[in-house]
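>>> Provided below are the primary sequence and the corresponding predicted coordinates.
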Amino acid sequence: MEIDLTPKSAKEAYGSNGGSYLAWSPSELPMLGEGNIGAAKIILHQHGFALPSYSDSSKVAYVLQGNGVAGIVLPESEEKVVPIKKGDALALPFGVVTWWYNKEDTDLEVLFLGDTSKAHKAGEFTDFFLTGSNGIFTGFSTEFVSRAWDLEEDVVKSLVGKQSGKGIVKLEGTFEMPEPKKEHRNGLVLNCLEAPLDVDIKNGGRVVVLNTQNLPLVGEVGLGADLVRLDGSAMCSPGFSCDSALQVTYIVRGSGRVQVVGVDGRRVLETTLKAGSLFIVPRFFVVSKIGDPEGMDWFSIITTPNPIFTHLAGRTSAWKALSSKVLEASFSVGSDMEKLFRSKRNADAIFFPPPN
């Protein structure tokens, strides 16, 4: 059965006047379920507060827009109150409790991509809230909560009864949340717009790769990630993940064209990518993109913490490593044609600037 690879946008799952939680469903994007990948994002308006929760999936979070605060409690650790801004990436392993808050005029928008192989539902995140109308303690009897918190039952009824919001609420503007501490970013956050570039091709594109070296928690999450910024009309070389990883890509900015080629040389996807869309490249399938004139940025996770890619064009292409006679025999061409083929793209790698 053929799997639909068409890029999709997220749909709102719940929300309030404080903001919204949006998710991609495996029923609409089947590769999520096939690959055990979850994808969602939150949008918090001014004074929006995403209540404390933990998830059944490890995730990588990426701040798409705005400035805000993230509360992070790793297992058996103290709360870290982290200032976050556009371009920040955070690795969120199993067991971490998080909350998110936006006190600014501009919406705070955070993308979550993660591994659902141990989740309750393949291709979907299930979050467990500590508070709110669907919080954990609303399900326990008053007696159990009273014993757990060492409180009188009438206090428990009042405390639990006040939790009318679900998932995201809006706080009063005068309410003072904990002040974030810049030093709490250390080891938890990497800003992909400010980090050293792993690839930088003039008029082609730039890449920042998240791995266990620059964000150690990535190892616990079991995922790698990267931010790619493709310049206007430039091309990203055809390539594939050679370590059996899936690549899940969210278009952050701009637009462009994509082609994906799979088994038996069949083109399984050819479409235009636009900001806000998500698509998945199956294992070993070859993908290439060309940016529109305004360029295109995307954030991806790869289902291994230290991914390895093989490119099929450019200086680092696998073709360049093959001997001349192997190329002649493979293409069924003479030496002159082989030499012409080999002479091209000797200076370019990964990204190709637009033709003159």
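Okay, I see it. Numbering: from 1, shown residues only.

>>> buried ones in stretch 205-215, by neighbour count?
Neighbour counts over stretch 205-215 (16 or more other C-beta atoms under 10 Å) mark Gly205, Arg206, Val207, Val208, Val209, Leu210, Asn211, Leu215 as buried. Heads up, the C-betas are built off the backbone N, CA and C, glycines and all.

>>> where is pLDDT lowest across those?
Lowest pLDDT of those: Asn211, 86.

>>> residues in contact with that one?
Val218, Gly224, Pro305, Asn306 (C-beta atoms under 8 Å, 6 or more residues apart in numbering).

>>> could you tell me which of the residues you listed belong to strands?
Using DSSP state E, the members of the contacts of Asn211 that fall within strands are Gly224.

>>> by pLDDT, give me the weakest of the contacts of Asn211.
Ranked by pLDDT, the contacts of Asn211 bottom out at Asn306, which scores 71.

>>> for that one, what are its contacts?
Taking C-beta under 8 Å, 6+ apart, we find Asn306 in contact with Asn211, Thr212, Gly224.

>>> picking that back up, can I get the buried residues of stretch 205-215 in a markdown table with distance to Ala245 and secondary structure?
Output for the buried residues of stretch 205-215, formatted as a markdown table (distance: C-beta to C-beta, whole Å; DSSP: H, G, I helix; E, B strand; the rest coil):
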| residue | distance to Ala245 | secondary structure |
| --- | --- | --- |
| Gly205 | 21 | strand |
| Arg206 | 21 | strand |
| Val207 | 16 | strand |
| Val208 | 18 | strand |
| Val209 | 13 | strand |
| Leu210 | 14 | strand |
| Asn211 | 13 | coil |
| Leu215 | 17 | coil |
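
>>> now tabulate those in TSV and tack on distance to Ala10.
Below are the buried residues of stretch 205-215 laid out as TSV (distance: C-beta to C-beta, whole Å):
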residue	distance to Ala10
Gly205	25
Arg206	26
Val207	25
Val208	24
Val209	25
Leu210	22
Asn211	26
Leu215	24
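
>>> helices of the stretch 251-356 of the chain, residue ranges please.
Applying DSSP state H, counting those that start in this stretch to the stretch 251-356 of the chain gives helices spanning 318-321, 324-331, 335-343.

>>> just want the angle from the last one to helix 324-331.
Orientation of helix 335-343 against helix 324-331 (axes from the mean of the first three to the mean of the last three C-alpha atoms, to 10 degrees) gives an angle of 100 degrees.

>>> can you give the contact residues for helix 335-343?
Taking C-beta under 8 Å, 6+ apart as the rule, helix 335-343 contacts Trp319, Lys320, Ser324, Leu327, Glu328, Phe331, Val333.

>>> so which pair among the residues you listed is furthest apart in space?
Longest distance between any two of those is 16.3 Å, between Lys320 and Val333; criterion C-beta to C-beta.

>>> bridging residues for Ser277?
Legend: beta-bridge partners of Ser277 under DSSP bridges are Ser9.

>>> quick check, Asp56 in contact with Glu124.
No - at 9.1 Å, Asp56 does not count as touching Glu124 under the criterion of C-beta atoms under 8 Å.

>>> what's the overlap in contacts for these two?
What both Asp56 and Glu124 touch, as defined by C-beta under 8 Å, 6+ apart, is the set Thr116.

>>> which stretches of the stretch 1-150 of the chain have low pLDDT?
1 (pLDDT under 70).

>>> distance of Gly222 relative to Gly334?
The gap separating Gly222 from Gly334 is 48 Å, by C-beta to C-beta, to the nearest Å.

>>> mind checking which helix or strand Leu151 is in?
Using DSSP states H and E, Leu151 is not contained in any helix or strand.

>>> follow-up on the earlier one: so which of the contacts of Asn306 is the closest to Asn134?
Comparing the contacts of Asn306 against Asn134 with C-beta to C-beta places Gly224 closest, at 32.7 Å.

>>> now Ala122. Nearest residue, chain neighbours left out?
Gly33 (4.6 Å; C-beta to C-beta, 6 or more residues apart in numbering).

>>> what sits against the one you found?
Pro26, Ala122, Gly123.

>>> pull out the buried residues from the residues you listed.
Among the contacts of Gly33, those classed as buried by 16+ other C-beta under 10 Å are Pro26, Gly123.

>>> so what pairs up with Gln247 in the strands?
Beta-bridge partners, per DSSP bridges, of Gln247: Val281, Ile302.

>>> shouldn't it be in contact with Val281?
Yes - here Gln247 reaches Val281: they are 4.4 Å apart, a contact under C-beta under 8 Å.
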